[in-house]
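> quick one: sequence plus predicted model below, questions after.
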Amino acid sequence: ICDNKQGWSPIGTNPTVPFRGNYDGNHKVIKGLDICRYEDAGVGLFGFTTGAYIKNVKIQDSRISGNIAVGALIGSVTTEGGERSCTFVDSCQVLDGVQVIGTEEKGGVATGGLIGCVDMNSKVIVTNCSTDANAQISSCFNAGGIIGTTGLYATVLLSDCINNASVTSQYSGCGGLIASGDTVSITSCKNYGDITGSIAYNGAEGTVGIGTGGLIGGSGISIIASSVNYGKVEGKEGVGGIIGSTRVAGSDTEAYTFNNLLVAYCGNTGTVKGTKAVGGICGEAQLAASGVFNNGKVSGDEYTAGIVGRTSVGLVENSINTGDVSGRNYTAGIVGKCYLGSFAINQNYGNIIGTGSYTAGILALGGNNTMMNYCSNHGNIS
């Protein structure tokens with residue numbers, strides 16, 4: 001069903017009657033999918049899905065725009081009652097000439113290359129999916145190369161996915177794969193696109209600019225393994241080559257609280273730039289990192305480091321930084337600031353420049369219960 005003004009009417013356009021079936025696109029390309037529903041929620045080829053299985057869909061030369069939950073393939077993944085039904089997306093592609101837009105003048109939220117939103121208590125598994133370098137994804141809040149955002153208690157599993165598209169957000173939440181998620185597992189994924197978050201944030205009261213990452217902007221409890229970011233990442237607070245922030249609460253006057261994050265065998269080669277809590281792997285989190293590497297140049301103002309900008313409780317082992325790091329306060333090759341942590345068998349080869357207080361090859365500032373073993377610095381410290 002199409003409309004001269006609004007274009008395609010999504011399959012499963014009503015959340016009370018979502019698409020529940022199986023759809024195989026047989027690798028045929030869908031072109032000219034134009035949707036202009038600036039005030040609507042659940043915008044995409046499929047509007048709302050529950051327990052669906054969608055595979056082998058390719059979308060090219062299309063423009064999809066809406067207000068909330070906007071994706072080229074699915075607007076929103078939902079579930080029913082107390083169930084935790086799962087939607088599967090396999091081998092789907094967003095090709096060149098596709099624009100997915102959360103309308104800025106309406107305060108667009110939850111915009112993703114493939115899926116806009118995963119609703120509360122819902123579950124989605126996405127495998128072997130990709131977006132093209134000539135695609136564009138943008139939103140006011142929560143723009144992601146594959147998925148925009150997820151609700152409370154939602155679960156997302158991504159494997160073997162690649163984002164090549166440029167992704168931008170006006171304020172919080174911007175990621176190469178996921179802008180913002182609750183419980184997330186990512187395995188064997190890559191990002192090549194440039195990720196630019198919080199471009200309109202200027203510190204004005206009532207606005208926020210947190211969470212920009214090469215793979216994930218921000219998350220709750222998350223596991224990221226065997227994945228790499230190659231794209232440029234730029235944001236404001238909580239900026240990382242792999243993940244930006246897991247911040248739950250906190251401010252300049254109140255203590256920060258973070259969710260738990262495990263990053264294993266991941267790496268970043270892109271440049272990472274922000275203002276506060278900036279890291280080659282992670283901006284800020286309660287973090288365990290093992291076997292990670294950063295080769296990209298990292299720059300910020302406060303809490304800037306080759307691996308993680310700041311962590312409340314941190315464990316970093318068998319990790320290496322070779323990228324140059326520059327900042328003002330709390331600038332280091334591995335960790336900018338840690339309240340309680342253990343660091344073992346880490347190496348820094350990057351040149352470290354700090355223009356303010358606390359500059360070091362490994363750890364700029366650690367709490368009383370911080371331990372360090374078998375770590376070495378080989379870079380110049382200025």
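Good, I have the coordinates.
> contact partners of the helix or strand where residue 340 lies?
Under the criterion of DSSP states H and E, residue 340 resides in strand 335-344. Contacts made with strand 335-344 from outside it, assessed by Cβ atoms under 8 Å, 6 or more residues apart in numbering, are listed as 277, 279, 302-305, 307-318, 327, 330, 334, 358, 362-367, 369-375. C-betas here are computed from N, CA, C, even on glycine.
> buried among those? Make that a ChimeraX selection.
A single ChimeraX command selects the buried members of the contacts of strand 335-344 (16 or more other Cβ atoms under 10 Å):
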select :277,279,302,303,304,305,307,308,309,310,311,312,313,314,315,316,317,318,327,330,334,358,362,363,364,365,366,370,372,375
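> one step back: in the strand holding residue 340, what counts as buried?
Buried residues in strand 335-344 (16+ other Cβ under 10 Å): 335, 336, 337, 338, 339, 340, 341, 342, 343.
> for stretch 130-138, same thing?
Judged by neighbour count using 16+ other Cβ under 10 Å, the buried positions of stretch 130-138 are 130, 131, 132, 134, 135, 136, 137, 138.
> and for stretch 5-18?
Going by 16+ other Cβ under 10 Å, stretch 5-18 has these buried residues: 6, 7, 8, 10, 11, 12, 13, 15, 18.
> how far off centre is it?
Stretch 5-18 has its C-alpha centroid displaced from the chain centroid by 27 Å (Cα atoms, centre = their mean, to the nearest Å).
> show me what the most centrally placed residue in the chain bridges to in the sheet.
With distances taken as Cα atoms, centre = their mean, the residue of the chain nearest its centroid is residue 216 (1.8 Å). Bridge pairing for residue 216 (DSSP bridges) gives the partners residue 178, residue 243.
> same check on residue 68?
For residue 68, the beta-bridge partners under DSSP bridges are residue 41, residue 109.
> got a list of what it touches?
Here residue 68 is in contact with 40, 41, 42, 102, 108, 109, 110, 116, 117 (Cβ under 8 Å, 6+ apart).
> let me know the distance separating it from residue 81.
Plainly put, residue 68 is 22 Å away from residue 81 if you go by Cβ to Cβ, to the nearest Å.
> now do residue 32
Applying Cβ to Cβ to residue 32 and residue 81 gives a distance of 37 Å.
> same check, this time on residue 161
When distances are taken as Cβ to Cβ, residue 161 and residue 81 turn out to be 30 Å apart.
> out of those two, which sits in the busier spot?
Between residue 161 and residue 81, counting by other Cβ atoms under 10 Å, residue 161 is the more crowded of the two (29 against 7).
> neighbours around residue 204, how many?
One way to gauge burial is a neighbour count; for residue 204, by other Cβ under 10 Å, it gives 9.
> and it, that's in a helix?
No - read with DSSP: H, G, I helix; E, B strand; the rest coil, residue 204 is coil and lies in no helix.
> who's in contact with it?
With contacts defined as Cβ under 8 Å, 6+ apart, residue 204 is in contact with no residue.
> skipping adjacent residues, who's closest to residue 48 in space?
Counting by Cβ to Cβ, 6 or more residues apart in numbering, residue 18 is the residue found nearest to residue 48 once chain neighbours are left out, at 3.8 Å.
> show me what contacts the one you found?
With contacts defined as Cβ under 8 Å, 6+ apart, the neighbours of residue 18 are 12, 47, 48, 49, 50, 52, 78.
> state the pLDDT value of the last one.
The one in question is residue 78. Confidence at residue 78, expressed as pLDDT, is 95.
> picking up where we left off before, select from the buried residues of stretch 5-18 every entry located in strands.
Filtering the buried residues of stretch 5-18 for membership in strands, criterion DSSP state E, returns 7, 8.
> redo the buried residues of stretch 5-18 as CSV? Include distance to residue 200.
As requested, the buried residues of stretch 5-18 are arranged in CSV below (distance: Cβ to Cβ, whole Å):
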residue, distance to residue 200
6, 27
7, 27
8, 29
10, 28
11, 33
12, 32
13, 31
15, 30
18, 33
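> no further queries at this time; thank you.
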